[in-house]
Each structure stands twice: as C-alpha cells, then as structure tokens.
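Engineer: no FASTA, just this:
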Ligand SMILES: O=C(O)CCC(=O)C(=O)O
C-alpha cells in the first residue's frame, strides 16, 4: 500500500485491499439510505476490516501525522509504531469513508481537529469545502481539493471517486476485477442472492467481479450487451494471458473458472502427473470450476502468461459471494520474490516476528468449513474403489473406521480412526507419490458461513491449537505411529480421477500413518489475516499392496471393481483399550517419528528444538511455543511463498501395517448366537463384496446392495413381549408419566373401563389454553393375548417380506446424499406424506393382516375407554430395532383429522412432548412410558399444532399409529 502523500489523498481509495474493505462494508451494510446506527455499524465494521489490511499501520500513521501534525504517534512497546488511541485510527477510517460517500469529509476532520485541541486551520493541502457542486462540471483529473458536497449526495462510491478525478484509476481497477472473483455459499445464502446471478444475462454482467471485495461495475456496464464499454471491462480473450478467476457461461450453465494459477498448478497437479506415470497429462494449467464455496481467492496479477485455459464443462454458480479481503492476500507466482503490495515496515521498526502482510504473496484458494463443490477436469474413475458409498449415512452406518456425520476427523478416546479428505481447505495440501503421501490440514478452525436468524454470518478462521479435540487426537496418532483410514469424497480435488463419473461420492483410500505433524501460518480471512493450521503428512502403510487407484486396470469386464487391499488377520487389540485424552506438549510435536536424513533438521537457537526443513525456500522454526515460531534461521519473516522441500516429501517407507490390524472391509452380517436379529449390530449397513458399495440396511427382511441389488438375509427368532420384561428399564422417577412443572398440563382423575378379563384404565391429561388432550389407555398384561398375537403377526409378516418395513429418506436434512429415517416403517390406507408418501403405502384392501388387526384393536380400545366410535383410514406401522428411535416431530400432515392414536407392541418406550413455538430451550412438558398393549391418543388438532413428540424405545418395538387423513387434502 502506498502511504498518503497528503491527508486528503484519495489515491488511498484505489489501493487494494483498502478499496476492498470499503466495498465489503458497503455491501454488507447495504448503505446508501443509512440511519445513524447504520453509519456507526458501517464504521465499526470498516475499522475492524481495516485492521487486517497489510501495512495498515504504516499508512494510518502516515495519515495521522499529516492530519494531526503535532501529535506524537509514538513507538509502541512491541517496537512497532502505533497510534496511541483508537479514536485517531477511527478518524482516519471515517475521513476516508466520508470521502467515498461525499459526506462532508472536511467538516468532519475540522471537527475532529477541534476536539483534539487544534486551533488553526487544516494543514496544507487545504481543500476548499464546496457546497452543492455539480458533478458534471468537474473535469476528469481535476485536483482532489475541488469537490465535496456539504450533504450526502447519493453518489455511488465510484461516482465519488470519479468526482475526485480518478476515473482512469477506476477503469484500471475494473480491468483488474476481471482477474478475480469470488465463490458462492449454498443454502439460504444461495437463495438470497440468487436473483443477482442466476440468469445468463446477469451472469455475464457479473462475470468480472462478483465479490464483496471488489467493486462491481455499474449495472449498465455489461460488456456482453454494451459494446461501448468493452474497453473498460476486458473480455476473456483480452485477459486470458493473466491468471484469473472468471465467471461465465459454459455449456449454457453459469460457471466460475480459475485459470492460469501457476503456483496452483505446480503444487497441486504435478504430483498427479508424476505419479500416474504420464497417464494423466496436465500440461496446461488446470481449469477449476468452483461452486458453493466460501473460498478466498488470492489473485496473481503478475504471473507469467498461461495460454489456453481448459474450460470446465459443467460448472454452475449459486449462492452469494462471501467476503474475502482479497487484497490482504494478493499473490506472486512461484519464484517471484517481491510484490508491489507488500508493505515494508519502516526501517526503524525492529523485527518482532511476522506480520500478517508478510504472507500476502500466496496464490491459493482457501475453502472454509461449509460444503463446497469443487471439480477439476479429471479423467473418469477407471475402476470401482474396493469400498465406496454415495451418502454420508452409508459410510457412517457401514464403515466402522468413519462414523462422523459432521467432522472430517473421526476419533474416539483420543484416537483417530478415520480422516475424510474433502475439497482442499488449505494451501500446501498435497497428494504426492501417487497418493502414498498426502498432506492435509487438521480439522477445525476453518472459516465458515452460517445462517442465523436469516442472516448470513461469516465466521472468521481461527487458530488451531494442539488441544483442539481433533488436532489433539491426530497428534496422538502421530506420536503413537498409529494407522488410520483415509477417505476421500468427490470434492477432493487432489485425487486424480473423477469419482462422480462412477457415481461414487465417498471412497476409502486405505491405511495411512502420520509421518509428520507441524503447525504453520496460513493466510486467512480474519482480523489477523492469518491463522495457525496444523498440517499432517499421511504416509501409505506398507503391507497393503499398491493403492487401488494405481492398480493395473483389468479391462472393462465385469463391474471393474478394484482388488481389495490385502491385509493381515483380524486382531483389534492393536487399537488398544480406552485412553483418556492426553495433554500434548506443543514443543514436542516436531520430533520425527521416523528417522530422516540429518540435514533435514535444524535446531532453533531460541527454543533448541529440532524442526525439519519442511519448506524449499528456508528453514523455519515450527515450535508454536517458541518466540521464533514462523521465523527463519536469520530471524526474518519467511518469504511469502513457500513450497515443500523435496527431501521432506520423500517417502520413508517405514510405516508397515501391523499384522494384527483388521481387514479394512466391513464384516458381512453374521447370525447371532441367540438368534436375535434386532440388536444394534443388525441396524448397521453392509459392504457388498460384489461391487464395493456400502449400503445402509434399508430393508427389514434383508440387506440389499443399493448399487448391484445383491442381497443377504439372516433369519432370527421372533420376540415375545416377555423378552423385554427382564431388561433393565432406564431409571426414571416416574412409572407411567411425568408432567413438567409450569407446563400448565392438568391430569384428570383416572377412569376405568371393562375388559373381557378385568379392567382397563384411562388417564387424561388436559393441555393448557384449549390445546387438546392426551389419553393414556392401559389394559394391563393380563389382557395381552390379542396384542401378543398382533405383535407376533407383525414380526412374521415383516420377516417374510409380506409387510414391507423400510427406512425412507427424510425430506429435509443437512447431510450429503439421502438420509434415511432411523426406524423402519410401512403405511396402509391413505398415503402419509411425512414418511414415504404413496411409495410407502398400500390400500387397506391389500394391507398386511397385522396392520388390519392393529387398526381394529385401536378403534375398539378408543370405544371402550373414551366412548368414541370412529374408523381410521390410515395406519403407519413403525419398527424399531435396538437403539433406533423417532426424533421430535408433529403429525402436521395436511388434512389430518384431530385424533391420532398409537398402539405399542414389544419393549417399552418413552414418548416425550414439548411445545413447538418456543424458539430456544424447549423443555419437555410431559412424558409417558408406553408399554406393550398401551394406546396413546392425541386428541385435538392443537396437540399437533402446539406440541411435538419423540419416541425412544428401550429395545425392539413395533408401533401402529392410526389417523384419519382426508383424501381431498392429500
Ligand atoms: O412409535 C410410536 O409410538 C409413535 C410413532 C409416531 O410418533 C408417529 O407415527 O408419528
């Protein structure tokens, strides 16, 4: 950044990233019709945003010296010059904000000076304050001192800049916008901003710069339609010789491409070229298409020309761009050591460690924690992986080495079992030696985008710490040289083949051991402009043959499934017993587990710790606890662009898979000793040995491969209700029900009714404010013959495949791929949209006998207990294996009649009701214990409207819930 030549130097407004900060804030705040709080908010955000600008101190101090010449902006204790008072910095920010808004900057500064005790006029240059200036009269290039209106003029930032005579600069700036763009986030954000970019015309308009960071050309400047302005905004051909990001239309679809990022190409694709023995030839810079990403893109404006960008066929853009203060991280291609935008500290400043701006010259794409969809043009996957899946649930339910639905690191008891590589969230992530050496950042701390109360919240990246749970567990694996399983998904760009070409979303790579672990600084979109990230180098374990993706392809016969990895006999003792989390001492992290050549290590003079020479350019102390962390041997900041020392990337080949380690493939289901097939183990998915696919168990009567439809079946014995009598019932303070204090629910006196054998009883609970009632009808174990039979019939018919219990996909969830319900269900009568709709429904004329009996039973009980005669036209039967449950929901089906009644069979279950409307904590209002033969009636539409319920069985259980659904509403 330039230093200001005068205190009203509007050149500053053209300086990236200063300009980006203005635009970011302007966009975020939606200013233009601002109220005072808006302005305060904007200024706060501006001041905050400006904090991360490299060299901001130098610029601000220079400006402060010019605006308040007699004030001492003295040296801070750290050795750097600093403003003494945040108000001074704030006045610098506000002054330039006012320049950009045409909002009385000079009046503001005069006022500020008066407040600080300056009696005399503004120091030279002394701009005149001009009132009501007609913008058209201002010639281009006129002196900056000429133009300011006394009021907010409503001019755009760009117009105000032009008023200041910087149209030339601005045009150049717009040109440079063509080289950079930003990514999109998905979800609501996508919807929110979609209007802006989802039509071809709009996309062409935004193809140059859809980013909060960069000014967007005025609406009328669309080069695709307005040839008069072509010179202002270059076409793709005009800028094709410059590395750039570009949005546009490809194959009729909007796309966003990165072209010509030289460093990107080198660091990420040469390994692929190298290790595929020329099979994959990426001789040109890869084109990358990025969608749904909160990427920060650091552009390179000075990289050597790269021609012939490879277009990406199926790109799409959706969502909104996410703030990245682009100028913070501009880049220089590999080998270029200086950059015009690097701000040097004044010579008088002693070196006190690196500054955020020192890492600014990195060509990189930083992806955050949110879902990204990033594809590189890759050859199709020639062979099916030995273990693969289409949904996250299939992996988590079938593959014990990875059971994490959210995090990319799966660990238990401080031991990492599986690590999922997805997209690339970090610079210097590599896929070397054909994937036998993979470097990735540890989990956590990435920048992320959330939606809260309809607002998009961009959470800045945070430093990782050795004590962060997943980092700590990874470090423990590293210290113990304990193997873990690496998986990839189809967004992991460093994998050389396109998983999507075979509809593979997740694939298991194999066992790896962490060969190295270290911490480093990486540029980030946060106030510091950088974060500490832990990096892990995973090395392929010897003893499992060649990685499947490097195997010789065996023609196109069969399903072309890769040979399974060869492992040693099963012995899980290797995984050890349970271990408590261990405190990890930071300074111990840099010891190599495996010996490496001596010259790879250097000892830090300060901390005396040995650190390997990881980077080609220089040795850096990587001991986070050392005051010289991220400082070179010479005590200087590392060069901004670093890549790996080739010696460091050598394979040690010394990680051998222990002979005791299990076959990585999930075991096929096997009968249990007691013939019980409803335990938790039987809820797990399975691995098809025919095609490698992991499938959830979505059918009750058998396992079926979701890909090749192979099946496997294990017949178990039927349960009797007495199986569950001896089960340990969870400790509760209540026997039948519990009403929460303050719930307003009133229990009516118990009523009894006559049965063939003795009496049944009904408890009615009146919900407050006329929100309906709940009746708990209990008939006692001595009256259970009828329900025992229904229970048996259900099991028999389900096992025989006459009653099709299935797990159906949930309609809304946040997982990749379909997410199936936790329980099995079948619907009879009218379709029930909530679970499976018509696909899950058979008419009563074809309904399994058990369902018909269950409906009869429920109707009879309601008549006996409540004196109500009615015929239900829908029954949803649900079967729960051990550990399965139904999450909170309400039966808010359109056309639903007011009475919903459920029969319980098998083990006892808890049903909890809680209010729906309370936004935050929603305590349970009432709970019931439902026993074999009980009928629970939710009476009144308001019960569904105001309450939701969850069912948690204690073991295997079947429930039949009867409703009336009026077909006219279906
Ligand atoms: O399992 C049960 O008893 C209740 C099922 C349920 O809540 C429903 O079908 O909506």
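Structural biologist: Perfect, thanks for sending it. Predicted model only: the values in this text are computed from it and were never measured.

Engineer: The residue of the stretch 401-550 of the chain found nearest the ligand: neighbouring residues, count only.
Structural biologist: Closest approach of the stretch 401-550 of the chain to the ligand (C-beta to the nearest ligand atom) occurs at residue 405, with a separation of 23.0 Å. All C-beta atoms are positioned from the backbone trio N, CA, C, and that covers glycine. Using other C-beta atoms under 10 Å, residue 405 is surrounded by 15 other residues.

Engineer: In contact with it, which residues?
Structural biologist: Contact partners of residue 405, counting by C-beta atoms under 8 Å, 6 or more residues apart in numbering, are 392-393, 396, 815.

Engineer: Residue 744: which element?
Structural biologist: Using DSSP states H and E, residue 744 is not contained in any helix or strand.

Engineer: sorry, back to before: distance of the residue of the stretch 401-550 of the chain closest to the ligand from residue 708?
Structural biologist: 26 Å (C-beta to C-beta, to the nearest Å).

Engineer: ok, residue 393 to the ligand distance?
Structural biologist: Using C-beta to the nearest ligand atom, to the nearest Å, residue 393 is found at 21 Å from the ligand.

Engineer: pLDDT on the strand or helix carrying that residue, on average?
Structural biologist: Secondary structure from DSSP H and E places residue 393 in helix 392-398. On average, the pLDDT along helix 392-398 is 96.

Engineer: so what secondary structure elements neighbour the very next helix or strand once past that helix?
Structural biologist: Sequence-wise, the next helix or strand downstream of helix 392-398 (DSSP H and E) is strand 409-412. If you count contacts as 3 or more C-beta pairs under 8 Å, 6 or more residues apart in numbering; DSSP states H and E, strand 409-412 packs onto strand 415-421, helix 469-480.

Engineer: Now for residue 820: which residues touch it?
Structural biologist: Neighbours of residue 820 in contact, by C-beta under 8 Å, 6+ apart: 393, 696, 698, 807-810.

Engineer: Name the nearest of the residues you listed relative to the ligand.
Structural biologist: Among the contacts of residue 820, and counting by C-beta to the nearest ligand atom, the member closest to the ligand is residue 808, at 12.4 Å.

Engineer: How many residues are close by the residue nearest to that closest one when sequence neighbours are not counted?
Structural biologist: Spatially, and ignoring its direct neighbours in sequence, residue 808 is nearest to residue 836 (4.0 Å; C-beta to C-beta, 6 or more residues apart in numbering). By other C-beta under 10 Å, 20 other residues sit near residue 836.

Engineer: check contacts around residue 836.
Structural biologist: Residue 836 touches 806, 808, 825, 827, counting by C-beta under 8 Å, 6+ apart.

Engineer: so how far is the ligand from it?
Structural biologist: Where the ligand is concerned, residue 836 sits at a distance of 12 Å (C-beta to the nearest ligand atom).

Engineer: got the buried residues for stretch 475-491?
Structural biologist: Judged by neighbour count using 16 or more other C-beta atoms under 10 Å, the buried positions of stretch 475-491 are 475-479, 482-491.

Engineer: what about the residue in the chain positioned nearest to the ligand, how many residues close to it?
Structural biologist: The minimum distance from the chain to the ligand, using C-beta to the nearest ligand atom, falls at residue 959 (3.3 Å). For residue 959, the neighbour count with other C-beta under 10 Å is 25.

Engineer: Ramachandran coordinates for it?
Structural biologist: Torsion angles at residue 959 (phi, psi; degrees, to the nearest 10) stand at phi -130, psi 140.

Engineer: got the contact list for it?
Structural biologist: Counting by C-beta under 8 Å, 6+ apart, residue 959 has contacts 877-878, 880, 902-905, 909, 951.

Engineer: Next: residue 770.
Structural biologist: residue 942.

Engineer: The closest residue to residue 501 other than its chain neighbours: neighbouring residues, count only.
Structural biologist: Computed as C-beta to C-beta, 6+ apart, the closest residue to residue 501 that is not its neighbour in sequence is residue 380, at 3.4 Å. The local packing of residue 380 (other C-beta under 10 Å) involves 10 other residues.

Engineer: repeat for residue 713
Structural biologist: Neighbours of residue 713 (other C-beta under 10 Å): 13.

Engineer: what's the answer for residue 60, then?
Structural biologist: Using other C-beta under 10 Å: residue 60 sits among 24 other residues.

Engineer: The helix or strand harbouring it packs against which elements?
Structural biologist: Using DSSP H and E, residue 60 falls within helix 56-67. In terms of contacts (3+ C-beta pairs under 8 Å, 6+ apart), helix 56-67 is packed against helix 86-101, helix 105-115.

Engineer: Using the record's domain definitions, break this structure down for me.
Structural biologist: 10-165, 177-342+351-377, 382-612, 734-969 (automatic domain parsing).

Engineer: still on that earlier bit, could I get the contacts of residue 836 as a markdown table with distance to the ligand, pLDDT and neighbour count?
Structural biologist: Compiled in a markdown table, the contacts of residue 836 are given as follows (distance: C-beta to the nearest ligand atom, whole Å; pLDDT from 0 to 100; neighbours: other C-beta atoms under 10 Å):
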| residue | distance to the ligand | pLDDT | neighbour count |
| --- | --- | --- | --- |
| 806 | 15 | 96 | 19 |
| 808 | 12 | 92 | 20 |
| 825 | 8 | 96 | 24 |
| 827 | 10 | 95 | 29 |
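
Engineer: Now render those residues as a markdown table, adding secondary structure.
Structural biologist: Output for the contacts of residue 836, formatted as a markdown table (DSSP: H, G, I helix; E, B strand; the rest coil):
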| residue | secondary structure |
| --- | --- |
| 806 | strand |
| 808 | coil |
| 825 | strand |
| 827 | strand |
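
Engineer: What mean pLDDT does the helix holding residue 60 get?
Structural biologist: Mean predicted lDDT for helix 56-67 stands at 82.

Engineer: Offset the numbering so it begins at 27, please.
Structural biologist: Sounds good: first residue 27 from here, last item helix 82-93.
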